[in-house]
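[1] structure of the sequence below:
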Amino acid sequence: MNALPLAHALNAALRAEMSSDDRVIVIGEDVGALGGVFRVTDGLQSQFGHSRVVDAPLGEAGIVGSAIGIAMAGYRPVCEIQFDGFVFPAMNQITTQLAKYRHRSEGKVSLPVVIRIPVGGGIGAIEHHSESPETYFAHTPGIKVVCPSTPQDAYDLLRLSIRSDDPIVFLEPKHSYWLKGDVDADGVSLPLDASLVLRTGSDLTLVTYGALVPTALKAAEISAAEGRSIEVIDLRSLSPLDTKTLVSSVKQTGRMIVVHEASRTLGLGAEIAARVQDQAFYYLQSPVLRVTGYDTPYPPSRLERDWLPNLDRILDAIDQSFEY
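    Just a heads-up that it's a prediction; the model follows:
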């Protein structure tokens, strides 16, 4: 077991899958000699060669379109989209081709494509470099969407994603790239579509994913000092959602708050709230609340600390939930 930053855990996962399966190919902008903007692919081209770690032109539609063709030929491509805001030129390929082809062919053709996307804010970046586009993909049938919060989960989820025959959008919280944690390469991982209860509690369920997981755990710790027992759930899989775990938790606690960086309207918090009230309405002691980004374009970097959900906003929501 080694302590690794999340970015290095992703690199280790790619290296392991490329070593065990010659069909795994990495393609993206600057993934070769540079090793990627966040160095996730560092050293892979020197080990596996230019034919398996391919520096692509600056064209996301071409990257994903090429990956679709490569997958149809029997390979397992892993695409890197350099920043979250750069994925939109490839939306046609993702939503009208990648998501549909397995169904269109009645299961005869699989498209085992992984699209890695650094997401979220907190790094002081310029416009188009701090987006949270998860809802677009979670809303698209035929695509699975996952998001790790720890180096161990990054390692496990990426290896599982590469092995999957379904197309997967793999969201990497860039604010967490240098978060360190133990990584056991030989451990038993959770299934790809399972959420994880990080902290058990009896009074309120706090649900989040990605870079906000440490903040949620801190909120639970502070609440414990005030006599409130908070259960914290890391979604891990955004599509499909592990509804069973969410509903089971809220049946025990009676309260739920969902936290995410993406804008509020039609975000994952809304879908989770709808499912919980559908399946656990009579267990709820207060409405399902949301702590989210605002319904505006992502702000300039000097304002992002006021835009992103933070510890104070989560604690205020906890107080609000207990007022009912």
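[2] break the protein down into its structural domains.
    Annotated domains of the chain cover 2-183, 196-322 [automatic domain parsing].
[3] in TSV: those, plus mean neighbour count.
    From N, CA and C alone the C-beta is placed, and that goes for glycine too. Formatted as TSV, the domains of the chain follow (neighbours: other C-beta atoms under 10 Å):
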stretch	mean neighbour count
domain 2-183	20
domain 196-322	19
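[4] I'd like those domains as a markdown table, with mean pLDDT and distance to Leu190 appended.
    Shown next, in a markdown table, are the domains of the chain (pLDDT from 0 to 100; distance: least, C-beta to C-beta, whole Å):
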| stretch | mean pLDDT | distance to Leu190 |
| --- | --- | --- |
| domain 2-183 | 97 | 7 |
| domain 196-322 | 97 | 6 |
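[5] in TSV, list the ones you listed along with distance to Ser189.
    Listed next are the domains of the chain as TSV, based on distance: least, C-beta to C-beta, whole Å:
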stretch	distance to Ser189
domain 2-183	4
domain 196-322	10
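[6] and Arg15, its phi and psi?
    Arg15 has phi and psi values of phi -60, psi -40 when expressed as degrees, to the nearest 10.
[7] is it true that it touches Gln47?
    Yes. Assessed by C-beta atoms under 8 Å, Arg15 is found in contact with Gln47 at 7.2 Å.
[8] got the phi and psi for Val54?
    Dihedral angles (degrees, to the nearest 10) for Val54: phi -110, psi 120.
[9] Ile27 is in contact with that one, correct?
    Yes. The pair Val54 / Ile27 is scored as a contact, 4.4 Å apart, by C-beta under 8 Å.
[10] do a quick rundown of the helices in the protein.
    Ranges of helices in the chain, per DSSP state H, are 6-20, 44-48, 60-72, 91-92, 101-104, 134-138, 151-163, 213-225, 243-253, 268-280, 304-307, 311-322.
[11] show me what contacts Tyr294?
    263-264, 307 (C-beta atoms under 8 Å, 6 or more residues apart in numbering).
[12] including distance to Glu80, could the helices of the chain go into a markdown table?
    Formatted as a markdown table, the helices of the chain follow (distance: least, C-beta to C-beta, whole Å):
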| stretch | distance to Glu80 |
| --- | --- |
| helix 6-20 | 10 |
| helix 44-48 | 11 |
| helix 60-72 | 8 |
| helix 91-92 | 17 |
| helix 101-104 | 21 |
| helix 134-138 | 16 |
| helix 151-163 | 12 |
| helix 213-225 | 23 |
| helix 243-253 | 30 |
| helix 268-280 | 24 |
| helix 304-307 | 24 |
| helix 311-322 | 32 |
